[in-house]
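need coordinates for the following:
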Amino acid sequence: MKFAFCLFKYFPFGGLQRDFLRIAKACLARGHQVDVYTGSLEGEIPDGLQVSTLPVWGFTNHRRYESFAKRLGKSLAGKHYNAVVGFNKMPGLDVYFAADTCFAAKALERSFWYRLTKRCRTLLSLERSVFDKASRTEILLISEQEKKFFMGYYGTAEQRFHFLPPGIARDRLAPNNAAEVRAKLRNELAIGSDQNIVLMVGSGFRTKGVDRAIRAISSLPSSLREKTILLIVGEDKTRPFRQLAERLGVAEQVRFIGGREDVPRLLVAADLLLHPAYREMAGMVLIEAMAAGLPVLATDVCGYSYHVERAGAGELVPSPFEQERLNELLALMLTSEKKNQWQLNGRDYVANTDVFSLPEKAADIIERVAAC
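Below you'll find the model as predicted:
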């Protein structure tokens, strides 16, 4: 079969982009042809994928999204694909991988005037093209809690949703030589064995709650704060967060190390995964941390936070969010005697739960849609 995979932007360190790549590889492994259409390409794409970078215009994201959707429609005209698969919301999709939260729900939390803006109207239009009750797009869902919002705002038929299990890579499992890996990476980063590494992983620092994390680090008792490093992995603008760390007096405790290919090593080397996201459709890194035996502290708005709770692999900051509660839990987890139990619980849960098969299950559904 011949598939078109479409996304606004590809870069190596985004969660959506990693899922796109895993699903594309799963389809390639089954002998299908996968053509990729994107408006922006950074990094290398594996052999076997045919990539077309479409020229887009616009000074704002929403205008570029709109431009890409129009360009894509023209590019696909006259070409035969068994299925057009989108990883962002856009018209003309047979299958949509739902990695984003419901924009209509978020828009209603904003002012009346915001809902009249071009940005809001454009994003609502793109979302409606996928979820409207008249649309025939099948939806691959990674967060059950978002389904009710899409059904409530657009009247989307429930049978169009297909829930996927998580899909972490098996290299996230702690290796047999974890102690050796931990010591070597800490040596590379010049972080002592007696220091705490609080790890954050994910591009989009504002959404992931990097500001919340820096405030929590600054709230630690001085003796604990001085031996704790907040290590932030991902691609985004760092300046406003560096300035916040400076103002709070914790610039030496906060390190931005960019996008990294060795996240499995970082998970093994760290003492705690911190993920105080403002919103998060899934949060694959929560399960990756559990697989590596790393305790987790996250906000309960993350789609995969229920895995942490079920496993007993850490703590969740309840909604509505309170910075004081995050501060308390961070200090507690860094000093708690439950650390070993959180580690064991996370590993046991991953060993007895399907947290790997997202790409294969997604490929199954794409094949079924394409065959209709």
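
who's in contact with the helix or strand hosting residue 96?
Secondary structure from DSSP states H and E places residue 96 in strand 95-98. With C-beta atoms under 8 Å, 6 or more residues apart in numbering as the test, strand 95-98 has contacts from 16, 19-20, 23, 83-87, 89, 130, 137-143, 146, 150, 281, 362, 365-366, 369. C-betas here are computed from N, CA, C, even on glycine.

residue 3 falls within a strand, correct?
Yes. The assignment for residue 3 by DSSP: H, G, I helix; E, B strand; the rest coil puts it in a strand.

number of residues surrounding it?
26 (other C-beta atoms under 10 Å).

with residue 211 instead?
So residue 211, with other C-beta under 10 Å, has 17 neighbours.

and the helix or strand following the strand holding residue 96, what's buried?
Once strand 95-98 ends, the next helix or strand along the chain (criterion: DSSP H and E) is helix 103-107. The neighbour-count check on helix 103-107 (16 or more other C-beta atoms under 10 Å) flags 103, 104, 107 as buried.

could you do stretch 37-57 as well?
37, 38, 39, 49, 54, 56.

neighbouring contacts of stretch 324-331?
Under C-beta under 8 Å, 6+ apart, the answer for stretch 324-331 is 198, 212, 215-217, 219-221, 224, 272, 274, 276, 297, 299, 315, 317-318.

what subset of these is buried?
198, 212, 215-217, 219-220, 272, 274, 276, 297, 299, 315, 317.

looking at those, spot the one nearest residue 63.
Closest to residue 63 out of those is residue 212 (30.3 Å), distances taken as C-beta to C-beta.

residues contacting that closest one?
With contact set as C-beta under 8 Å, 6+ apart, residue 212 has these partners: 276, 321, 323, 326.

mind listing which of these are in helices?
Those of the contacts of residue 212 mapping onto helices are 323, 326, per DSSP state H.

ok, which pair from the contacts of residue 212 is furthest apart?
Going by C-beta to C-beta, the pair spanning the contacts of residue 212 furthest: 276 and 323, at 9.0 Å.

joint contacts of these two?
The contact sets of residue 276 and residue 323 overlap at 212, 216 (C-beta under 8 Å, 6+ apart).

go through the contacts of strand 95-98 and flag which are in helices.
Those of the contacts of strand 95-98 lying in helices (DSSP H): 16, 19, 20, 23, 130, 146, 150, 362, 365, 366, 369.

tell me the one of the residues you listed nearest residue 249?
Scanning those for proximity to residue 249, where the rule is C-beta to C-beta, the winner is residue 16, at 35.2 Å.

quick check, that closest one in contact with residue 89.
No. Assessed by C-beta atoms under 8 Å, residue 16 is found out of contact with residue 89, at 11.8 Å.

and those two? Which one has more around it.
Taking other C-beta under 10 Å, residue 16 and residue 89 do not tie; residue 89 has more neighbours (24 against 20).

mind listing what's buried in stretch 149-162?
Quick answer for stretch 149-162 (16+ other C-beta under 10 Å): 149, 150, 151, 153, 154, 156, 160, 161, 162.

which residues touch that stretch?
With C-beta under 8 Å, 6+ apart as the criterion, stretch 149-162 contacts 98, 101-102, 104-105, 127-128, 131-133, 135, 137-141, 147, 365.

cutoff 7 Å now
Applying C-beta atoms under 7 Å, 6 or more residues apart in numbering, the contact partners of stretch 149-162 are 102, 104-105, 128, 131-133, 138-141, 147, 365.

of these, buried ones?
102, 104, 128, 131, 138, 139, 140, 141, 147, 365.

give me every residue that touches the fifth one.
Residue 138 makes contact with 94, 95, 160, 162, 365, 369, according to C-beta under 7 Å, 6+ apart.

looks like the first one contacts residue 84 (just checking).
Pointing back at residue 94 there. Yes. In this structure residue 94 lies within contact range of residue 84 using C-beta atoms under 7 Å: 5.0 Å.

those two: which is more packed in?
residue 84 (23 against 19).

in the sheet, who's paired with the more buried one?
Note on residue 84: beta-bridge partners by DSSP bridges are residue 4.

so what does residue 53 look like in phi/psi?
phi -100, psi 110 (degrees, to the nearest 10).

per-residue confidence for it?
Reported pLDDT at residue 53 in the predicted model: 96.

surely it meets residue 38?
Yes. Counting by C-beta under 7 Å, residue 53 does reach residue 38; the two are 5.9 Å apart.

related to what we said a few turns ago, keeping just the C-alphas, turn the strand holding residue 96 into CSV.
Only the C-alpha atoms of strand 95-98 are listed here, as CSV (Å, rounded to 0.1, in the frame of the first residue of the first chain):
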residue,chain,number,x,y,z
VAL,A,95,-6.4,9.0,9.7
TYR,A,96,-5.3,11.5,12.3
PHE,A,97,-2.9,10.8,15.1
ALA,A,98,-4.3,12.8,18.0
